[in-house]
Structure formats: structure tokens, C-alpha cells
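A.B. asks: build me a model:
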Amino acid sequence: MTLALYTELINPIAKRVNTYSEILNTFEKNSAGMVEVTDEFRAAKNSYELAFNELRALNKFTPNSIKRAYSRANRGW
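C.D. replies: Next up is the predicted model:
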């Protein structure tokens, strides 16, 4: 795997994970910090978990040298 391929694969997955995370954070929490589980919440949580598992699978099989190079290239310092 090359850095270009890794970047091409990870960017859309990471964007979906961030989008679903933002959606999950819009649900109101009670005083204990828990969210009322509704069908809408379940659907959003399921979508988030699927995207996150894709990201985990990609990172599992990507060599550390590629992940380090990606991290260095996207630091923004």
C-alpha cells in the first residue's frame, strides 16, 4: 500500500465517521449524561459503528510507516 492509496481510502471514511459523530452529539442527554435510545438514535449509532469499523479495518492492515507518513503530512503545524 502506498501513501497516496491510503490517503484516498481513509479520507472519505474519516469524513463519514466525523459526520456520524456530530449527528450522535446532537441527541439530548439527560442529567446522568445518557441518551434516550430511539429508533433514530439506533440508526445513527449503527451508521457510526459501521464507518468506524471500516476505519479500524483499514488501519489494522496498513503498515505503521504509511500511517506515520500520513500523520506527518496532515499535522498542519
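
A.B. asks: helix/strand/coil for the residue with the largest distance to the centre of the chain?
C.D. replies: Centroid-distance maximum for the chain: S31 at 27.0 Å, with CA atoms, centre = their mean. Following DSSP: H, G, I helix; E, B strand; the rest coil, S31 is assigned to coil.

A.B. asks: and the helices in the protein?
C.D. replies: 3-25, 39-60, 64-73 (DSSP state H).

A.B. asks: reformat those as a markdown table; add mean neighbour count and mean pLDDT.
C.D. replies: Yep, even glycine has a C-beta here, placed from its N, CA and C like the rest. Converted to a markdown table, those look like this (neighbours: other CB atoms under 10 Å; pLDDT from 0 to 100):
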| stretch | mean neighbour count | mean pLDDT |
| --- | --- | --- |
| helix 3-25 | 14 | 95 |
| helix 39-60 | 14 | 96 |
| helix 64-73 | 12 | 93 |
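
A.B. asks: middle-most residue in this protein, spatially?
C.D. replies: Nearest to the chain centroid, counting by CA atoms, centre = their mean: V17, 3.1 Å.
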